[in-house]
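Asker: Next comes the sequence, and after it the predicted model I'd like to discuss.
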Amino acid sequence: MIQYISYGAGVGSTALICHMIDEIKSGAVEVVFCDHGADWPETYEYVDYIKKALKIDITVLKVEIQGSVGLYNFYRDHNTIPFYRYRICTDKSKIRPFNRYIKRPCKIYLGITWDERKRAKPNQIKTVESCYPFVEEMINRDKAIQIIEMAGLEVPNKSGCYFCPFQGKAEWKRLFDEHNELFIKAIELEDNANNRILPTGRSLQNMYDEFRYQSNLDKYGVDVK
């Protein structure tokens, strides 16, 4: 039976690659990464890094959603944003493109850890079997990190879209500091939809201005406490 690993470049799926490295190198398992174009730049760098570090092939699928190339363009073209209570990103940009690619019948291995076992569900497609090795072996996230480190690899950052509404303020601050142009793109997406990405209803422009103001204070050594 054909076998795949659904790779998201996070801790769980990276540890799973390490866990199944012999099967991957033998050609028994194909690693597939769905590229919707809106992951953090570090995620794309990590995909290239692990390919070279482990000397493996990773199939990269360029995602198109309802005629729009990539997740950001999908939201922009439809004058909308990702909503906190109505999560469609994973389904449209990861699950569906993956299911269109695979050949059936098959097995799909997913790196969900024991901590996240509530997410481990049977595949709705009868000819596709979803497998959760880390749930079966009760391997949690900390153990998954150890697996990555024991393989001699750097531990990846948490994967996700750079304009994800589930991000905390710390992630938005990091985006401001390290990828300012992407923060501005997220603001443009919000303005285009005339809606708010943040569940609090606060605008990204307001948050951006706050970060910029604080950066200026830090630059000139001003202490407002």
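Answerer: Cool, got the structure.
Asker: Residues touching the longest helix that the chain contains, excluding its own?
Answerer: Secondary structure assigned by DSSP state H gives helix 204-219 as the longest helix of the chain. Helix 204-219 has contacts (C-beta atoms under 8 Å, 6 or more residues apart in numbering) with 169, 172-173, 176-177, 183-184, 186-187, 190-191, 196-198, 223-224. C-betas here are computed from N, CA, C, even on glycine.
Asker: mind running it again at 10 Å?
Answerer: Residues external to helix 204-219 that are found in contact with it (C-beta atoms under 10 Å, 6 or more residues apart in numbering): 81, 163, 169, 172-173, 175-177, 180, 183-184, 186-191, 196-198, 200, 202-203, 222-224.
Asker: Return the members of those classed as buried.
Answerer: Neighbour counting by 16 or more other C-beta atoms under 10 Å classes 81, 163, 172-173, 175-176, 183, 186-187, 189-190, 196-198, 203 among the contacts of helix 204-219 as buried.
Asker: so where do the strands sit in this structure?
Answerer: Here the chain has its strands, by DSSP state E, at 2-7, 29-35, 59-62, 64-65, 68-69, 106-109, 128-131.
Asker: From the contact counts, what lies against the fifth one?
Answerer: When contacts are defined as 3 or more C-beta pairs under 10 Å, 6 or more residues apart in numbering; DSSP states H and E, strand 68-69 sits against helix 71-77.
Asker: can I get the CA coordinates of the helix it packs on in PDB?
Answerer: Backbone C-alpha positions of helix 71-77 (Å, rounded to 0.1, in the frame of the first residue of the first chain) are rendered in PDB as follows:
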ATOM      1  CA  LEU A  71      -3.900  31.300   1.000                       C
ATOM      2  CA  TYR A  72      -3.200  35.000   1.200                       C
ATOM      3  CA  ASN A  73      -4.400  35.600  -2.300                       C
ATOM      4  CA  PHE A  74      -7.600  33.500  -1.600                       C
ATOM      5  CA  TYR A  75      -8.500  35.800   1.300                       C
ATOM      6  CA  ARG A  76      -7.600  39.000  -0.600                       C
ATOM      7  CA  ASP A  77      -9.400  37.900  -3.800                       C
END
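Asker: how distant is it from the center of its chain?
Answerer: Between the centre of helix 71-77 and the centre of its chain there are 16 Å (C-alpha atoms, centre = their mean, to the nearest Å).
Asker: just checking, what packs against it?
Answerer: Against helix 71-77 (3+ C-beta pairs under 10 Å, 6+ apart) you get strand 64-65, strand 68-69, helix 89-90, helix 180-193.
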